[in-house]
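> Generate a structure from the sequence data that follows.
(2 chains, ligands or ions: 2)
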Amino acid sequence: MTVAGMNGAGPGPIGRGASVTLSDLEKTYDRTSAAAKAVDGVSLDIRSGEFLTLLGPSGSGKTTTLMMIAGFETPTAGDIAIDGKSVVAMPPYRRNIGMVFQNYALFPHLTVEENVGFPLKQRGVPKAERAKLVAEALELVHLPGYGARYPRQLSGGQQQRVAVARAVVFKPRLLLMDEPLGALDKQLRENLQLEMRRLHADLGITFIYVTHDQEEALTMSDRIAVMNDGKVAQVGSPEDLYDRPDNRFVAGFIGESNFLPAVVRGLEDDVVVAECEGTLIRALCPGRPASGERVTLTTRPERLRFADGTWAGTEPPQNRMSVTVTEAVFAGERCRYMLRAGDGTSIVLKEPSSAAIRRRAVGERAEIAWSVADTILV
Amino acid sequence: MSEVVQPASLALAVSRPKTAPFDWRRAVPLLLAAPLLVYMLVFYALPVAAMLLRSVNDPSWTLANYAILFEDVVFQKTFWITINTSVTVTLGCLILGYPVAMGLVRAKSMAPFILVIILLPFWTSVLVRSYAWMVLLGRHGLVNEALIALGMIERPIRILNTPLATQIAMIHILLPYMILPIANALRQIDPSLIRAASGLGATPFMTFRQVILPLSMSGMAAGTLLTFVLALGFYITPAMVGGPRDITLSMLIAQQVDQLNWAYAATLSAVLLATALAILAMARKLPGVGNAFKTSMR
Ligand SMILES: Nc1ncnc2c1ncn2[C@@H]1O[C@H](COP(=O)(O)OP(=O)(O)O)[C@@H](O)[C@H]1O
Ligand SMILES: [Mg+2]
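Numbering: from 1, shown residues only, chains lettered A, B, ... in the order given. Ligands and ions are numbered 1, 2, ... in the order given. Predicted coordinates for the structure are as follows:
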């Protein structure tokens, strides 16, 4: 088997990264019982050179989806196409995909050099060429000089780097990673997140990254596909998902959200007017809900302000509500308030802390305000 | 036992002044093992030592019994047959046992069933199994009848009382000792390594050659060692199904004892024991074998 683009690191006619299309992908592990589908109708268009993250809680089908792309699991239904060609019938060793496992899966009986050289050896790359490429790959992950060691002689972070070097040394056009930073401590994880971004920029290939850590997903990804219960809940850029969640699951899973029950009272252009706690609240809405429909409005805690505060030259926002402070917590860079609206809905408000801003006391009555653009009907 | 007692006694050792009275708790493991140790000493170690002693003090203190072995053609032929049989049987077990071990590890719901089949020979005496092979391999045994029925031979061939019969029967008897350590090593291979190899471009055969085989090496070493050392001392099977002139060391020893040639028998026993010990000692030097032995005993 020869390596496509082994020597040509430059962008080919269709870019350096592979495009991946998942169409109505389904996977049921246990056909005998009426078990839930691990993956249930996933359709995704992953663009060439994109950094796409599959984000979701444990058991949402992220690993299963990745394993089907890699070829370790066979889809029960649906299709996977890489660069427009279906790969469902192709064994993993022919797919030419780089993969980093959660536990790294380094070969314990091989040195770092032999581990990284493994994919090249399978492809019949001659020894001298192999040594050169291995050295380059180790350089890329900042591990030169570690070639003669065995995996067990490396720290977790170093093992992770070796796994990445091994996954990219044969210049695949697609790299899959299943929670590659999951086993590392926070500090190291943050450093490696930045390195992964840099690696993605350097290589220009397509990354499909799996994590259950929303912060990691927001930091690293071009686009995120949020998964829940085997389905894609929403696909979009980190900003899209954070500012305009499509549904309650996404609003709740990514960042913190307030959910306000409301009743639709009317429409103004693309803004819906809904009654909530006896006041009219305006919200952005993709659809056209009927008047009288019960809905949920969502807004982020840090987008709320106390209405008597300063608005830094901008107009005070349109949405307002009277609340009572039920809890006030000073948390260094910000103050976090629990508020109760008229009929009991609790609302969280986060305010950047400043010695110049008066802190609210528990039991105090106040008015809060936020802008229409930060209010979404889900 | 020692694991249970050690931590407590260690803690005591730290806090206690050096002149403290004898700590009985330390002696508990030894006391518990004492009956067995005494039994082994009286009924095993002493007789063995007495027997071995005869090789150097019968009729008087001398090494002559060993010296004559260098010119003893019968001994040399027997020794060669013994080693040869053991090597062949061990190789046969390795080749036949490895795939079975792989099957055992990969089988999911069938695994207990396969394990029972592998262990079945353990529950039958060597004598019975050797008789069974006599029946199967005889002139009118199942094997000959089957070969004739298949048209592969015209009249019965001689299998029983040939070296081949010894090898077949010994492989059958010793297979579990090869399969279990290998299966144990295979079971410890992280399945994600197999996936990783495949994802990195290795065909199933390449994965076997470069990942599975090297990672099961410790199990193969343990199985090979165990099988080989056990094969060295085989007596009943080669005596029953082997050829009349294919005498192994244990058979020669038995024969000499029958003829009350005690000094000669003792010398041969010492050689057999030394061979087994030498092989064990050499194998301990191989990396991973010591560990493999520990894990295969679980
Ligand atoms: N090999 C398997 N056999 C049976 N069920 C599985 C297997 N792998 C995963 N599952 C099930 O499929 C669902 C999705 O799992 P997975 O893809 O691992 O989710 P995630 O990676 O998002 O945590 C879970 O309910 C899980 O229990
Ligand atoms: Mg997972």
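> same question for stretch A:280-300, mean pLDDT?
Mean pLDDT, stretch A:280-300: 89.
> no, scratch that, I was asking about stretch B:61-74
Across stretch B:61-74, the average pLDDT comes to 89.
> distance between the ends of it?
Its start and end residues considered, stretch B:61-74 measures 24 Å (Cα to Cα, to the nearest Å).
> So what touches that stretch?
With contact meaning Cβ atoms under 8 Å, 6 or more residues apart in numbering or on different chains, stretch B:61-74 is reached by B:55, B:56, B:58, B:75, B:76, B:252, B:263, B:264, B:266, B:267, B:271. (Glycine included, C-beta is placed from N, CA and C.)
> Need the residue closest to the centroid of chain A.
residue A:217 (3.2 Å; Cα atoms, centre = their mean).
> Please identify the helix or strand for that residue.
helix A:214-220 (DSSP states H and E).
> ditto for residue A:326
Going by DSSP H and E, residue A:326 is in strand A:319-331.
> helices or strands next to the helix or strand that comes right after that strand in the packing?
Sequence-wise, the next helix or strand downstream of strand A:319-331 (DSSP H and E) is strand A:334-341. Here strand A:334-341 touches strand A:319-331, strand A:346-352, going by 3 or more Cβ pairs under 8 Å, 6 or more residues apart in numbering or on different chains; DSSP states H and E.
> Those strands: which one's closest to ligand 1?
Closest of these to ligand 1 is strand A:346-352, at 27.5 Å (criterion: Cβ to the nearest ligand atom).
> And that closest one, what does it pack against?
Contacts defined by 3+ Cβ pairs under 8 Å, 6+ apart place strand A:346-352 against strand A:258-268, strand A:305-306, strand A:319-331, strand A:334-341.
> As CSV, those with mean neighbour count and mean pLDDT would be great.
Formatted as CSV, the helices and strands packed on strand A:346-352 follow (neighbours: other Cβ atoms under 10 Å in any protein chain shown; pLDDT from 0 to 100):
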stretch, mean neighbour count, mean pLDDT
strand A:258-268, 16, 92
strand A:305-306, 20, 89
strand A:319-331, 16, 92
strand A:334-341, 19, 93
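> residues in contact with the helix or strand where residue B:118 lies?
For residue B:118, the enclosing helix or strand under DSSP H and E is helix B:111-119. Helix B:111-119 has contacts (Cβ under 8 Å, 6+ apart) with B:100, B:103, B:104, B:105, B:107, B:175, B:176, B:179, B:180.
> Longest helix in chain B, please.
Longest helix of chain B, by residue count under DSSP state H: helix B:73-106.
> buried residues in that one?
By 16 or more other Cβ atoms under 10 Å in any protein chain shown, the buried positions in helix B:73-106 come out as B:75, B:78-79, B:81-83, B:85-86, B:88-90, B:92-94, B:97-98, B:100-102, B:104-105.
> and what of stretch B:181-199?
The neighbour-count check on stretch B:181-199 (16+ other Cβ under 10 Å) flags B:181-186, B:189, B:192-199 as buried.
> can you check stretch A:217-233 too?
A:217-218, A:220-233.
> Just the closest of these to residue A:133, please.
Proximity of these to residue A:133 was ranked by Cβ to Cβ; the top entry is residue A:220 with 25.9 Å.
> interface residues of chain A facing chain B?
Chain A has residues A:1, A:70-72, A:91-93, A:95-99, A:101, A:103, A:105, A:107-109, A:118-119, A:121-123, A:166-167, A:170 near chain B, with proximity defined as Cβ under 8 Å from any Cβ of the partner chain.
> ok, back up a step: is it possible to get TSV of the helices and strands packed on strand A:334-341 that adds distance to residue A:177?
TSV is the format used below for the helices and strands packed on strand A:334-341 (distance: least, Cβ to Cβ, whole Å):
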stretch	distance to residue A:177
strand A:319-331	33
strand A:346-352	32
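> Need the ones you listed in JSON lines (columns: distance to ligand 1).
Formatted as JSON lines, those follow (distance: least, Cβ to the nearest ligand atom, whole Å):
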{"stretch": "strand A:319-331", "distance to ligand 1": "31"}
{"stretch": "strand A:346-352", "distance to ligand 1": "28"}
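> What segments of the stretch 51-200 of chain A are strands?
Counting by DSSP state E, counting those that start in this stretch, the stretch 51-200 of chain A has strands at residues A:51-55, A:77-82, A:85-86, A:98-100, A:174-178.
> strand partners of the third one, parallel vs antiparallel please.
Under the criterion DSSP bridges, strand A:85-86 sits next to strand A:77-82 (antiparallel) in its sheet.
> So, low pLDDT: which residues of chain A?
Across chain A, the ranges flagged by pLDDT under 70 are A:1-15, A:32-35, A:309-314.
> tell me which residues in the top helix by length along it are buried?
The longest helix of chain A (DSSP H) is helix A:186-203. Under the neighbour-count criterion of 16+ other Cβ under 10 Å, helix A:186-203 has A:189, A:192, A:193, A:195, A:196, A:199, A:200, A:203 buried.
> and the closest residue to the last one other than its chain neighbours, how many neighbours?
I take that to be residue A:203. In this structure, residue A:203 finds its nearest non-sequential neighbour in residue A:168, 6.3 Å apart by Cβ to Cβ, 6 or more residues apart in numbering or on different chains. By other Cβ atoms under 10 Å in any protein chain shown, 22 other residues sit near residue A:168.
> Isn't residue A:168 up against residue A:99?
No: using Cβ atoms under 8 Å, residue A:168 is not in contact with residue A:99, being 10.3 Å away.
> Can you check which residues contact both of these two?
Joint contacts of residue A:168 and residue A:99 (Cβ under 8 Å, 6+ apart) are residue A:175.
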